[in-house]
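A.B. asks: Got a sequence here, can you model it:
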Amino acid sequence: MAQADPSGRGGPVPVPGAGPAPVPVRAAGPGRPPVRYRSRGPLRVLLAMLLTALVVGGAVPYVAGPGRSYLSYLVLAERADADGAARAAAEARAAGGQVVQEYPQIGVVLAYAGGGFAEKVRGRPGVAAVGASRTSPVPGPPRPLDGAGDFRAGTDPASGDRAGSDRAGGDRAGGDRAGSDRAGSGPAGEGLGGDGRGAGDGGDDATATVPDPGEQDAWNLAQLGAAPGAAADATPNLLRGPGTPVADALRKVLVAVLDSGVDDTHPDLRAAVDPRSSASCADGRPDARTGAWRPDAGVGESGHGTHVAGIVGAARDGRGVSGVAPGVRIAAVRLLGPLGQYYAENIVCGTLWAADHGARAINNSYFADPWKYNCPEDPDQAALTAAVGRAVAYARGKGAVVVASAGNDGQDLGAPRTDERSPNDRTAGPPQSRHVGPECVRLPGELPGVVTVTAVDRDGRPSAYTNYGRGHVSLAAPGGDPDGGARGAVVSDWPGGRYAALAGTSMAAAHVTGAVAVAAALHPDWGSDRLAALLAEDAAAACPPGPHVCGDHEFYGAGALVLPH
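C.D. replies: Numbering: from 1, shown residues only. The predicted model follows:
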């Protein structure tokens with residue numbers, strides 16, 4: 001039985017035959033226990049956070065104020081438009097906040113301020129909600145960005161132009177690969193590996209890798225071909241190589257991978273990642289400078305996004321791995337921040353960026369920090385839910401299917417449950433234990449309209465770690481079994497031209513995102529709801545009813561994913 005990850009983010013459960021468990025090296029990151037400091041006053045706590053930032057990010061990401069400490073806040077206007085954002089910004093400044101980013105598409109602003117800010121702004125005219133997006137203070141707002149991007153649309157989705165001349169290349173035969181004889185353990189997010197407790201890794205060099213699989217034994221892709229009337233080999237025609245009509249149409253489809261960053265120099269991905277549609281939102285602001293979307297090797301879990309992107313759209317060329325939708329264009333959007341968190345403002349920024357650049361699918365293989373579950377009775381958590389909800393609704397209105405992992409706690413999302421990790425950005429004190437009800441939601445996976453994905457193993461059975469819940473999950477897809485070794489996990493790309501075997505709902509969500517890309521290539525004029533409905537209808541048609549099979553809605557939602565034909 002796979003051990004459920006206690007963080008719910010999904011720091012990988014160990015794969016038998018993998019190398020030594022990675023060592024956690026920083027504070028409260030995704031899928032790992034926090035580094036604990038004894039409480040010695042606010043100045044020492046801030047000093048500890050600065051030292052942590054230096055270790056994991058290479059530079060202090062915040063402007064230090066004179067003896068002050070700040071929290072980040074999302075301020076939501078009653079009007080979800082540019083006028084609303086301007087009103088929210090004015091009210092935030094009037095209350096002493098420093099506005100560092102406006103989201104005019106949804107009437108929200110990101111502000112930094114000292115304690116008590118939310119109480120000052122709540123109830124002001126035109127303000128709908130205010131919520132602190134973190135619980136541990138920082139010494140000041142993020143540093144100014146030189147040449148940062150904005151939310152302007154980039155490459156025309158219909159052009160297929162990748163504009164890739166500014167990216168590093170390199171040959172596929174890249175010399176020695178560390179740990180190439182071992183099944184991999186890897187990052188958090190919603191992938192499983194590591195030490196069985198979600199401890200994550202100490203950077204990419206600590207992650208065990210596997211040899212170049214040569215696109216062999218892709219059980220996860222074969223599982224998607226099991227539609228009624230499929231060919232005996234169950235391999236979708238799309239995956240047999242370029243030149244088919246759908247494969248050619250995929251070049252016009254853009255999908256976004258919101259994650260820890262994507263290594264676009266990986267041979268499987270360098271033709272897929274579109275630099276003009278990629279950015280970093282690691283502090284809630286869009287940064288479109290060249291390479292900002294790439295993983296930061298100084299931050300644990302940094303390889304997770306590359307693994308996810310490979311499942312979505314790695315090239316099919318007989319080497320490495322093939323994605324579900326080879327040929328698709330990928331917008332790499334890094335959300336993982338320098339302190340190892342996926343804060344709500346990062347998610348808002350990344351979702352809006354992806355939507356405004358024409359993404360037809362947006363992959364989210366994580367949950368929002370610092371609260372695993374956000375409860376409506378808490379005004380901060382309610383505001384974060386509303387802000388991310390506005391961003392998701394905006395993206396869906398622009399034609400994007402928003403896909404999210406269900407999580408790796410083995411919990412029923414429709415029942416009362418225990419949250420033993422929140423808030424996970426604390427720098428002092430023991431873990432808290434909260435008893436929450438089904439009204440408390442994971443972000444973004446349980447928001448209206450999101451396609452929430454559970455994981456199944458190689459035999460199509462629910463993976464032991466996957467969250468579930470009738471009415472709370474949408475589809476099931478290959479996530480793998482960490483107890484099955486590399487053959488039971490999902491092999492995909494890893495930074496530095498390498499490959500890793502991971503299991504988790506992260507991997508499952510990525511399969512659905514690739515399938516959305518195929519559906520969008522087949523039906524370029526369809527909106528997000530119709531594309532999502534097509535996947536649900538095909539899954540239901542391929543599934544017999546009954547318990548413990550893919551017609552069991554508690555674990556499978558509409559059914560097990562099949563690739564549109």
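A.B. asks: how about the helices of the stretch 451-565 of the chain, start to end?
C.D. replies: Using DSSP state H, counting those that start in this stretch, the helices of the stretch 451-565 of the chain run over 485-488, 505-522, 528-541, 553-556.
A.B. asks: do the same with the chain
C.D. replies: In the chain, the helices defined using DSSP state H lie at 42-57, 82-94, 117-121, 219-223, 245-250, 304-313, 344-356, 379-397, 485-488, 505-522, 528-541, 553-556.
A.B. asks: quick one: low-confidence ranges for the stretch 151-300 of the chain?
C.D. replies: The model of the stretch 151-300 of the chain has pLDDT under 70 over residues 152-207, 226-244.
A.B. asks: need the strands for it, in chain order.
C.D. replies: Assigned by DSSP state E, counting those that start in this stretch, the strands in the stretch 151-300 of the chain fall at 191-192, 254-259, 279-280.
A.B. asks: can you put those in a markdown table and add mean neighbour count?
C.D. replies: For every residue, glycine as well, the C-beta is placed using N, CA and C. Formatted as a markdown table, those follow (neighbours: other Cβ atoms under 10 Å):
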| stretch | mean neighbour count |
| --- | --- |
| strand 191-192 | 40 |
| strand 254-259 | 32 |
| strand 279-280 | 29 |
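A.B. asks: and the closest residue to Thr351 other than its chain neighbours, how far is that from Trp371?
C.D. replies: Nearest residue to Thr351, sequence neighbours excluded (Cβ to Cβ, 6 or more residues apart in numbering): Ala391, at 4.1 Å. Separation of Ala391 from Trp371 (Cβ to Cβ, to the nearest Å): 17 Å.
A.B. asks: just Pro213 next, same as before
C.D. replies: As defined by Cβ to Cβ, Pro213 lies at a distance of 38 Å from Trp371.
A.B. asks: Make a markdown table from the strands of the stretch 151-300 of the chain and add distance to Arg316 to it.
C.D. replies: Formatted as a markdown table, these follow (distance: least, Cβ to Cβ, whole Å):
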| stretch | distance to Arg316 |
| --- | --- |
| strand 191-192 | 22 |
| strand 254-259 | 16 |
| strand 279-280 | 27 |
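A.B. asks: So for Ala332, which of these sits nearest?
C.D. replies: Closest of the strands of the stretch 151-300 of the chain to Ala332 is strand 254-259, at 5.8 Å (criterion: Cβ to Cβ).
A.B. asks: And that closest one, what does it pack against?
C.D. replies: Packing partners of strand 254-259 (3 or more Cβ pairs under 8 Å, 6 or more residues apart in numbering; DSSP states H and E): helix 304-313, strand 329-334, helix 344-356, strand 361-364, helix 505-522.
A.B. asks: could I get the shortest one in PDB with only the CA atoms?
C.D. replies: What follows is strand 361-364 as a C-alpha-only set of coordinates in PDB (Å, rounded to 0.1, in the frame of the first residue of the first chain):
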ATOM      1  CA  ALA A 361      -5.700  24.300 -21.200                       C
ATOM      2  CA  ILE A 362      -4.000  25.400 -17.900                       C
ATOM      3  CA  ASN A 363      -2.400  22.600 -15.800                       C
ATOM      4  CA  ASN A 364      -2.200  23.000 -12.000                       C
END
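A.B. asks: which other residues reach that strand?
C.D. replies: Residues outside strand 361-364 that contact it (Cβ atoms under 8 Å, 6 or more residues apart in numbering): 255-259, 308, 312, 347, 351, 354-355, 395, 400-405, 444-445, 450, 509-510, 513, 516-517, 520.
A.B. asks: Where does the prediction get shaky in the stretch 451-565 of the chain?
C.D. replies: For the stretch 451-565 of the chain, the stretches with pLDDT under 70 are 546-548.
A.B. asks: what's the burial count for the closest residue to Ala94 other than its chain neighbours?
C.D. replies: Excluding the flanking residues, the one nearest Ala94 by Cβ to Cβ, 6+ apart is Arg124, at 7.9 Å. Using other Cβ atoms under 10 Å, Arg124 has 16 neighbouring residues.
A.B. asks: Just the endpoints, please. Distance across stretch 74-83?
C.D. replies: End-to-end distance for stretch 74-83, by Cα to Cα, to the nearest Å: 16 Å.
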